[in-house]
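>>> fold the following.
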Amino acid sequence: MAAENRTKYWRRRILFTLWLTYASFYLCRVNISIAIPKMIQDLGFSKTAMGGVLSSFLLIYCLGQFFSGRLGDKFGARRLVSLGILGSALLNLLFGFSKGFIIMLVIWGLNGLFQSTGWAPMMGTLANWFPDGKRGRVGGIMGTSYLVGTIFTWISVGFFIDALGWRWGFWIPSLIFALLGFHWYLRVRDEPKDVKMEGQPGGENSNVGTENGRMKDHSLRSDLTSSTVIYSAFSLLFLNVVRYGVLGWIPTYISGLQEFSISMVTLESSIVPLGGIVGVLGAGWLSDKFTGRRRGLLGSIMGVFLGVTLIFSHHLFTNLILLLLGLFVLGVTINGPNILLAGLIPIDVGEGETTSSIAGFLNGVGYIGGIVTGFATGLFIDMFGWSGAFHFWEVSAFLSSFFMWMTSRKE
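Numbering: from 1, shown residues only. You can find the predicted model right below:
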């Protein structure tokens with residue numbers, strides 16, 4: 001019983017530390033979304049130029065994912081994530097002092113490199129600590145971290161910008177992030193053997209790379225080239241076109257509907273990640289309770305609802321109640337499939353041995369969509385108005401749903 005209680009303690013401690021730390025990553029990632037309207041006003045940048053800054057982050061983040069996943073498998077998340085936090089915090093501090101477009105492009109791009117050390121290594125740690133039957137629910141809980149992080153960042157940064165100016169939206173979060181980096185290093189451990197726990201009590205096997213009592217032979221090459229991973233990568237790519245399009249541009253869109261303060265814009269924009277919390281918890285729970293490993297069909301259905309919501313949203317957003325409802329549904333239907341693709345599928349396929357590398361690969365390919373949407377959405381807005389951006393997101397949502405459906409056929 002003492003051993004079982006110790007296991008429960010460490011699992012709770014690890015999950016809380018993973019959750020809090022990944023939520024804090026968003027302090028120095030999505031703060032720029034709230035600052036964009038004031039930056040355009042203060043610095044005279046076009047929306048296309050600001051889209052370029054957003055894309056610089058996602059380009060380097062994308063490349064960093066391929067390396068951080070492999071490094072996470074090799075060196076563990078504890079050291080790698082600590083380095084990423086300190087680097088990102090420092091770059092946000094510098095960004096707040098910047099004035100020119102080129103230097104902002106470079107600094108925000110480098111921020112993407114350090115930010116890329118977060119998710120993939122953490123998924124490896126999660127797989128090391130939790131058995132198969134708990135991963136859907138635990139993955140869903142972990143998926144709420146970046147949503148709560150987004151809500152907290154948008155609301156707090158909106159307040160800082162209204163009260164002190166847009167530069168403080170980078171300075172204050174960087175200091176908080178650095179402090180939480182020290183908390184991470186003190187509290188996390190990469191795997192049970194780091195605290196002299198070789199096996200799990202209560203009949204649960206800690207060797208998560210097992211199937212029916214036999215060790216599975218995992219080759220990184222065979223895992224990365226499996227049909228499930230390939231189709232998931234394409235699905236995540238198109239989903240990220242929508243996810244990062246909405247994440248980066250919805251605050252600017254709302255600010256253009258009426259003369260709102262930045263604080264009010266952030267409150268309304270936060271409905272998206274609020275809906276996302278429902279989406280990730282619901283997707284994680286349903287994938288364990290009803291569909292088991294057949295998570296592709298669940299994600300595909302949610303993707304169809306995402307596309308339909310986008311079709312109607314642009315025409316309904318003129319009404320405040322419908323605006324809030326539409327934003328909530330967008331949050332549910334974007335983030336439900338996202339946690340399946342970026343979190344649970346890597347854990348299922350890699351089963352602890354190659355989970356971090358698979359998560360890095362999927363996120364790396366997926367963030368190509370984020371790179372494209374950062375620049376392309378700004379360009380479409382400048383050329384065609386907001387309807388161009390919404391049509392771009394709609395097509396991407398249905399393509400993501402199609403590839404997610406293909407994973408369900410191949411599972």
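>>> from here on, contacts and neighbour counts on C-alpha atoms
Fine.
>>> residues making contact with the host helix or strand of residue 39?
Under the criterion of DSSP states H and E, residue 39 resides in helix 31-43. Residues outside helix 31-43 that contact it (CA atoms under 8 Å, 6 or more residues apart in numbering) are 45-47, 50, 99, 153-154, 157-158, 161, 166, 169-170, 247-249, 251-252, 255, 262, 266.
>>> need the buried ones from those residues selected in ChimeraX.
In ChimeraX, the members of those classed as buried (16 or more other CA atoms under 10 Å) are selected with the following command:
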select :45,47,50,153,154,157,158,161,166,169,170,247,248,249,251,252,255,262,266
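>>> which of the contacts of helix 31-43 fall in helices?
Within those, residues falling in helices by DSSP state H are 47, 50, 153-154, 157-158, 161, 169-170, 247-249, 251-252, 255, 262, 266.
>>> in the protein, where is pLDDT below threshold?
Within the chain, the segments meeting pLDDT under 70 span 1, 132-133, 198-218, 258-260, 290-293, 316-318, 351-353, 410-411.
>>> which residues in the stretch 101-250 of the chain form strands?
Counting by DSSP state E, counting those that start in this stretch, one finds strands in the stretch 101-250 of the chain at the ranges 210-211, 214-215.
>>> just checking, residue 224 touches residue 230?
Yes - counting by CA atoms under 8 Å, residue 224 touches residue 230, with 7.2 Å between them.
>>> the more surrounded of those two?
It is residue 224, of residue 224 and residue 230, that has more neighbours when counted by other CA atoms under 10 Å, with 21 against 18.
>>> who's in contact with residue 388?
So residue 388 contacts 377, 380-381 (CA under 8 Å, 6+ apart).
>>> could you rerun that using 6 Å?
Neighbouring residues of residue 388 by CA atoms under 6 Å, 6 or more residues apart in numbering: residue 380.
>>> residue 164: neighbouring residues, count only.
11.
>>> separation between it and residue 178?
According to CA to CA, to the nearest Å, residue 164 stands 21 Å off from residue 178.
>>> and for the residue nearest to residue 99 when sequence neighbours are not counted, the neighbour number?
When the adjacent residues along the chain are set aside, residue 99 lies closest to residue 43, with 7.5 Å between them (CA to CA, 6 or more residues apart in numbering). Look at residue 43: counted by other CA under 10 Å, it has 11 neighbours.
>>> separation between residue 43 and residue 189?
For residue 43 relative to residue 189 (CA to CA), the value is 44 Å.
>>> cool, and residue 289?
29 Å.
>>> over to residue 107?
Residue 107 is 31 Å from residue 189, by CA to CA.
>>> so between residue 289 and residue 189, which is more surrounded?
For residue 289 versus residue 189, neighbours defined as other CA under 10 Å are more numerous around residue 189 (21 against 12).
>>> quick one: which helix or strand includes the nearest residue to that one once chain neighbours are set aside?
In this structure, residue 189 finds its nearest non-sequential neighbour in residue 78, 6.6 Å apart by CA to CA, 6+ apart. Assigned by DSSP H and E, residue 78 falls within helix 77-95.
>>> same question, residue 21
Per DSSP H and E: helix 2-25 holds residue 21.
>>> equivalent analysis for residue 276, please.
Counting by DSSP H and E, residue 276 is found in helix 271-289.
>>> following that helix, which helix or strand shows up next?
helix 295-316.
>>> counting by contacts, list what that next one packs against.
With contacts taken as 3 or more CA pairs under 6 Å, 6 or more residues apart in numbering; DSSP states H and E, helix 295-316 sits against helix 320-339, helix 386-410.
>>> and among those, the most buried is which?
helix 320-339 (a mean of 23; mean count of other CA atoms under 10 Å).
>>> list of residues touching the helix or strand just after that helix?
Later in the chain than helix 320-339, the nearest helix or strand by DSSP H and E is helix 345-350. Helix 345-350 is contacted by residues 355, 358-359 when judged by CA under 6 Å, 6+ apart.
>>> using PDB, write out every CA atom in helix 345-350.
Presented in PDB, the C-alpha positions along helix 345-350 are these (Å, rounded to 0.1, in the frame of the first residue of the first chain):
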ATOM      1  CA  ILE A 345      -1.700   9.500 -31.000                       C
ATOM      2  CA  PRO A 346       2.000   9.900 -30.300                       C
ATOM      3  CA  ILE A 347       1.600   8.200 -26.900                       C
ATOM      4  CA  ASP A 348      -0.400   5.400 -28.600                       C
ATOM      5  CA  VAL A 349       2.100   4.700 -31.400                       C
ATOM      6  CA  GLY A 350       5.300   5.300 -29.500                       C
END
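>>> now do the following helix or strand past that helix: distance to the chain's middle.
In the C-terminal direction, the helix or strand that comes right after helix 345-350 (DSSP H and E) is helix 355-384. Relative to the centre of its chain, helix 355-384 is centred 12 Å away, using CA atoms, centre = their mean, to the nearest Å.
>>> can you check stretch 220-233 too?
20 Å.
>>> enumerate every residue touching residue 400.
Counted by CA under 6 Å, 6+ apart, residue 400 has contacts 235, 238-239.
>>> distance check, it against residue 341.
11 Å.
>>> go through stretch 180-192 and flag the buried ones.
Quick answer for stretch 180-192 (16+ other CA under 10 Å): 180-181, 184-185, 188-192.
>>> centre-most residue in the protein?
Closest to where the C-alpha atoms of the chain average out (CA atoms, centre = their mean) is residue 146, at 5.9 Å.
>>> for burial, what's the neighbour tally of the closest residue in space to that residue that isn't next to it in sequence?
Distance criterion CA to CA, 6+ apart; nearest residue to residue 146, sequence neighbours excluded, is residue 23 at 4.7 Å. With neighbours defined by other CA under 10 Å, the count for residue 23 comes to 23.
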